[in-house]
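Novice: quick one, what's the 3D model for this:
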Amino acid sequence: MPSRNEILEEITKAKGGAQDIIRRKYLTELSNYTKRDTIIISSAFSSRKIQNLPNFLISITNEDIQGIMSALHGLKNNKLDIILHSPGGSLEAVEQIVNYLRNKYEYIRVIIPQNAMSAATMLACAADVIIMGKHSAIGPIDPQITFPTATGHFTAPSQSILDEFELAKQEIKNDPATAPIWVRRLDKYPIGFLKICENTIELSREVVGRWLKTWMFKNDSDKEKKAEQIANWLSDTNLHKTHSRPIDIKMAKAQGLIVEALEDDGELQDKVLSVFHAAMVTHLVSNCVKFIENQNGEGAFLNIEIKISPPK
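Specialist: Next up, the predicted model:
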């Protein structure tokens, strides 16, 4: 297996858009090995060059369903491998993507070569099995809410907002003199905001629990209980503390998710990591911040004009 630096050197020496040719070569080799339809959903969210870009450019959005449809057009297998590297995004977009994928494929594996966080973790929970390496991570699915403030937009966990209101009620009950302070503090939230937070939390738990029960645990006699426990665990903000808290393969397995180790199949590991390294180099040497692509090189690419420092 070539290392990331070796793939970077291979692409740099070839020049002239070679990242696409080399990445597709490795993706085709992976699909030929597994005998499955194969797509990669890759975001440059871990790259230093996107630090000042709006979050929606690197996240899963409603437009991604079109990219996935393009990538899967004409593919005939009933099994799909998804190589997923994403910070997450829209819950509603992921729900639409899952509905489409599960109507098209009987069996889906989600392969996580590094990170699939938040809504990307939700997507992984709609698979029959997840494949992770020792270094891979999924994350909590506690929904985040973005709202306008006097100093700009602010994003916070829905549960944290609900907890803040509960704290306000308790403190005002114990000491009514604190009411004016809490009124000023909570006045930043729009009308109906609490209900939005409650509904979003409920929806995230509901869909993840339903997906786990329907696919990952479909043959398990205890599927209802397992699905509910895992959905509650993944969405527990107070347990995980931060939205980006990494959950490794040992922790995921311990909670009952069906996860296979990437290292169990050395050849699969080599081919998956070659695709992943080529994808990361693609983000590094080009203006592509997100792409969805199949083993035939078809899909969708989001390119943004960014000033990129040449790799050292």
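Novice: quick one, phi psi at the most centrally placed residue in the chain?
Specialist: Centroid-nearest residue in the chain, with C-alpha atoms, centre = their mean: A120, separated by 2.1 Å. Per-residue torsions, A120: phi -70, psi -30 (degrees, to the nearest 10).
Novice: what sits against it?
Specialist: 60, 84, 86-89, 94, 138-139 (C-beta atoms under 8 Å, 6 or more residues apart in numbering). Backbone N, C-alpha and C define where each C-beta goes, glycine included.
Novice: so which of those residues are in strands?
Specialist: 84, 138 (DSSP state E).
Novice: JSON lines for the contacts of A120, including neighbour count and distance to A44?
Specialist: Below are these laid out as JSON lines (neighbours: other C-beta atoms under 10 Å; distance: C-beta to C-beta, whole Å):
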{"residue": "I60", "neighbour count": "27", "distance to A44": "14"}
{"residue": "L84", "neighbour count": "26", "distance to A44": "14"}
{"residue": "S86", "neighbour count": "25", "distance to A44": "10"}
{"residue": "P87", "neighbour count": "21", "distance to A44": "10"}
{"residue": "G88", "neighbour count": "28", "distance to A44": "14"}
{"residue": "G89", "neighbour count": "26", "distance to A44": "14"}
{"residue": "V94", "neighbour count": "29", "distance to A44": "19"}
{"residue": "I138", "neighbour count": "29", "distance to A44": "19"}
{"residue": "G139", "neighbour count": "23", "distance to A44": "18"}
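Novice: before we move on, the earlier item: report pLDDT for the residue nearest to the centre of the chain.
Specialist: A120 is assigned 96 on the pLDDT scale.
Novice: find the nearest non-adjacent residue to it, please.
Specialist: In space, and not counting its chain neighbours, A120 is closest to S86: 4.0 Å by C-beta to C-beta, 6 or more residues apart in numbering.
Novice: count of residues packed around F193?
Specialist: 17 (other C-beta atoms under 10 Å).
Novice: try the one 5 residues further on
Specialist: Under the neighbour criterion other C-beta under 10 Å, E198 is assigned a count of 14.
Novice: so it: helix, strand or coil?
Specialist: Here E198 is helix, with the state taken from DSSP: H, G, I helix; E, B strand; the rest coil.
Novice: count of neighbours near the closest residue to it other than its chain neighbours?
Specialist: Spatially, and ignoring its direct neighbours in sequence, E198 is nearest to L162 (6.8 Å; C-beta to C-beta, 6+ apart). Per other C-beta under 10 Å, the neighbour tally for L162 reads 16.
Novice: cool, and D64?
Specialist: Neighbours around D64, by other C-beta under 10 Å: 22.
Novice: report the contact partners of it.
Specialist: 41, 89, 93, 97, 292, 300.
Novice: how close does it get to A300?
Specialist: Shown here: D64 relative to A300, a distance of 8 Å by C-beta to C-beta, to the nearest Å.
Novice: between these two, what contacts are shared?
Specialist: Taking C-beta under 8 Å, 6+ apart as the criterion, D64 and A300 both touch I292.
Novice: residues contacting the residue nearest to E198?
Specialist: L162 makes contact with 194, 197-198, 201, according to C-beta under 8 Å, 6+ apart.
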